[in-house]
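J.: Sequence unavailable; structure follows:
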């Protein structure tokens, strides 16, 4: 099999990847843009499939016109990168299977791009609580996806809860599909929200359209008389076959439930989201450095710690679509510049002009400030573990409870995440820690007095499932050893 | 008597446990966490089937007996170490391979390894019917190696040992010609004896303490499938495995080892390649491992692999563990170089080293594992 060597390979066709590919193409680079899904848009611009288009996509999506402008690009769909082979001095070699994931006829392709832009987005983070594994409890992202891509309402009495501005568009999407929403509960209290969002108001001017977006969602809530409560969380879901009620409670500023404030609400569905985790499998395999939050470290041109590898969007830190677009443009231009000029001139580049305008840089900076506020206002606080019971399942694939983690740490005395994962089986199931990894790590960190090998739940050398037959057939000589 | 054991993997754990039970004051150091290196990266093989007559086989047979004996002692209040005496089925896929396998099994029988040639399909219904010979080894068994390591450490602690994780050995404490302890990242630590049980990192630790020991990493890669209904009953491997284990070749070698775990996943190994501590996972290696496994079990073709991981085996040029005192530096001991057999060999290693240290008559002849044995002597000079 031949190894393809495009100037720029962009992985992920959400806002960041689309913007990066578009910018790199405009700069004259030969670009391959691929995505594991069947169409462009990522999670943000998730929409009905082309064969059943909807008239009202513009209503459901912010920036739909922007998407329409970007989506016309050539895109390799159903393309699953399953392995990034690290080279350290240059971009990794990417092994890709192309075709429907459930089909038997996926075509292997191998890319050794001159420059690589990783725009792989984020996973949703949902904190566990008693009953969160009942049918009828959805991640907010799943509910949003059902609303956007299937127009399915998840219930008639739906509670939306968790943290972050994402809860608002989810509630809005639910309303538009005809679901009844009984409330939107934000874990953080007004004082933290106010402090983060009202400091240095001038900074927010350039991103004020976001405030407009949020105001629109709030109007939706008001029009439908839906309460928006702060400092409140779902701390348990109840039901036998599916959720029929939840317990909600007030939280203190560290997210610990305040005793005596519990009350029960009848619901038929719950949508929860507590934030996002950068989706960094490929970046980790490629050797890119991560920051303390597990996001890929980049410079102002989107360059990672590996020469020729760039990153944009949520994998560099959770900041929303506007920041992703701004970062995508810059990373795309920088990647194109690096790939199409000689090695000698780029090695001295440093902060050299890579064709990025001052306006594009400002867009990135302004949106970065917005992202920082997001974390200050809505970031997860440690008190949440207070609503766990010993029998609360933490790792759903392997049915490992919070009590199992505590007992495993106590019995072994180990301070090793790797060892404790193996002895408790937390994070070893089919999700490979994508759902529970951060939570397992945080809990074990507390039980052990500090893990000595943290971050391992982010290391997944196999970025996707591959059938044994496909692996065996992937045997081909490397272009170089 | 105070003993420092450097390394909280399976060998360090077994040594610490044996010494603590013999009354020594034991301190286990590891620069990272317990069971986080080689012991967490293997399959948990307790094999005799892959060893020919000789010192290593004797150590393995003694180890198996010790494993069975210690199970009740470490079983209480602990996650199961998933010990399973499932037996090994070694399969040849060519006529030449079949003849070699039969001859090998015959020589093993003279040394106490039970085996019988069987109809492979009677024991593994999903085995490739095209195979040319199958030999069943009932003594082969399996444990979950990380849990087994933790269980041995926990038992060592019950007998007074302390385990200090995140403490790195930096250099020697010396008094004249004698090693009297270790300078660690947490300060100096005095001891009567220091045991290096740092697996593939033993060469580096020995260097820091002042001697050369030719232990090098030999990389391996394992695939893990999603859970499925149990269809593989034994530890099944192709007869090429024996040749690959004993090889000195640095280049990539693969042979197939396939087995189900208690969790319902299937582990598929294994590759052997010497290229330093390079952790990268490569498509060519995964592909070669998968292709070999499909020769044994064609039905695996449609099974999804969800994880791949690599690890480093402690490789010694003459393929024998190094167990015993270092004649070049009084106070220094080694328990390392077990390559891919450290899980099974850990127990008898702990016993033998303790025999020598406390002056008990050794159960096995220690000469074959001595640091200055003739086959290792040429490698003891600084490179």
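T.: It's in. Please read all numbers here as calculations on a predicted model, not as lab measurements.

J.: which parts of stretch A:41-49 are buried?
T.: Buried positions in stretch A:41-49, judged by neighbour count with 16 or more other C-beta atoms under 10 Å in any protein chain shown: A:41, A:42, A:43, A:44, A:45, A:46, A:47, A:48. Quick note: C-beta positions are derived from backbone N, CA and C, even for glycine.

J.: With respect to chain B, which of those is nearest?
T.: Among the buried residues of stretch A:41-49, residue A:43 lies closest to chain B (C-beta to the nearest C-beta), at 22.4 Å.

J.: Which residue lies closest in space to residue A:127, excluding its sequence neighbours?
T.: residue A:274 (4.8 Å; C-beta to C-beta, 6 or more residues apart in numbering or on different chains).

J.: Just list the residues touching the one you found, thanks.
T.: A:125, A:126, A:127, A:162, A:163, A:164, A:187, A:380, A:384 (C-beta atoms under 8 Å, 6 or more residues apart in numbering or on different chains).

J.: Isn't the fourth one up against residue A:187?
T.: So the one you mean is residue A:162. Yes - judged on C-beta atoms under 8 Å, residue A:162 makes contact with residue A:187 at a distance of 6.6 Å.

J.: what residues are shared contacts of these two?
T.: With C-beta under 8 Å, 6+ apart, residue A:162 and residue A:187 have common neighbours A:233, A:274.

J.: now the closest residue to chain A within chain B, what's its secondary structure?
T.: Closest residue of chain B to chain A, C-beta to the nearest C-beta: residue B:33 (2.6 Å). Here residue B:33 is coil, with the state taken from DSSP: H, G, I helix; E, B strand; the rest coil.

J.: so it makes contact with residue A:421?
T.: No - contact criterion C-beta under 8 Å: residue B:33 and residue A:421 do not qualify, at 11.3 Å.

J.: Tell me where the stretch 151-300 of chain B has strands.
T.: Using DSSP state E, counting those that start in this stretch, the strands of the stretch 151-300 of chain B run over residues B:162-165, B:169-175, B:178-184, B:187-190, B:193-196, B:216-225, B:235-238, B:253-260, B:266-272.

J.: Now tell me which of those the model trusts least on average.
T.: Ranked by mean pLDDT, those bottom out at strand B:253-260, with a mean of 85.

J.: For residue B:312, what is the enclosing helix or strand?
T.: Assessed by DSSP states H and E, residue B:312 sits inside strand B:304-315.

J.: Next, find the distance separating residue B:237 from residue B:228.
T.: Look at residue B:237 and residue B:228: by C-beta to C-beta, to the nearest Å, they are 19 Å apart.

J.: The two: who's more crowded?
T.: It is residue B:237, of residue B:237 and residue B:228, that has more neighbours when counted by other C-beta atoms under 10 Å in any protein chain shown, with 27 against 15.

J.: Please name the bridge partners of the nearest residue to the more buried one once chain neighbours are set aside.
T.: Spatial nearest neighbour of residue B:237, chain neighbours left out: residue B:257 (4.2 Å); criterion: C-beta to C-beta, 6+ apart. With DSSP bridges as the criterion, residue B:257 is bridged to residue B:237, residue B:269.

J.: ok, now which ones touch residue A:433?
T.: By C-beta under 8 Å, 6+ apart, the residues touching residue A:433 are A:427, A:440, A:457, A:460.

J.: Ramachandran angles for it?
T.: Backbone torsions of residue A:433, given as degrees, to the nearest 10, read phi 80, psi 0.

J.: Which residues of the stretch 351-481 of chain A lie near chain B?
T.: Listed as neighbours of chain B in the stretch 351-481 of chain A under the rule C-beta under 8 Å from any C-beta of the partner chain: A:398, A:408, A:411-419, A:422-425, A:428-430, A:432, A:451-453, A:460-462, A:465-469, A:471-478.

J.: Which secondary structure element is home to the spatially most central residue of chain B?
T.: For chain B, the residue nearest the mean C-alpha position is residue B:342 (1.7 Å; C-alpha atoms, centre = their mean). Following DSSP H and E, one finds residue B:342 within helix B:342-358.

J.: the inter-axis angle of that helix versus strand B:304-315?
T.: Interaxial angle of helix B:342-358 relative to strand B:304-315 (axes from the mean of the first three to the mean of the last three C-alpha atoms, to 10 degrees): 30 degrees.

J.: Can you name every helix or strand that helix B:342-358 contacts?
T.: On a contact count with 3 or more C-beta pairs under 8 Å, 6 or more residues apart in numbering or on different chains; DSSP states H and E, helix B:342-358 meets helix B:10-21, strand B:45-46, helix B:55-75, helix B:145-158, strand B:322-325, strand B:332-336.

J.: So is the second one next to chain A?
T.: No - taking C-beta under 8 Å from any C-beta as the criterion, strand B:45-46 and chain A are apart, separated by no less than 15.6 Å.

J.: what's that strand packed up against?
T.: helix B:55-75, strand B:141-142, helix B:342-358.

J.: What's the mean pLDDT across it?
T.: Rounded mean pLDDT across strand B:45-46 is 94.

J.: which residue packs closest to residue B:33, ignoring adjacent ones?
T.: Nearest one to residue B:33, counting by C-beta to C-beta, 6+ apart, is residue A:416 at 2.6 Å.

J.: if we can go back for a sec, could you redo the helices and strands packed on helix B:342-358 as TSV and give each row mean neighbour count?
T.: Putting the helices and strands packed on helix B:342-358 into TSV (neighbours: other C-beta atoms under 10 Å in any protein chain shown) gives the following:
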stretch	mean neighbour count
helix B:10-21	30
strand B:45-46	26
helix B:55-75	18
helix B:145-158	26
strand B:322-325	25
strand B:332-336	27
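
J.: contacting residues for residue 119?
T.: No chain was given, so I picked chain A. Contacts of residue A:119 were listed using C-beta under 8 Å, 6+ apart, and they are A:10-14, A:16-17, A:20, A:311-313, A:315, A:324, A:328, A:331.

J.: Let me rephrase: I mean chain B.
T.: residue B:134.

J.: Understood, closing this out.
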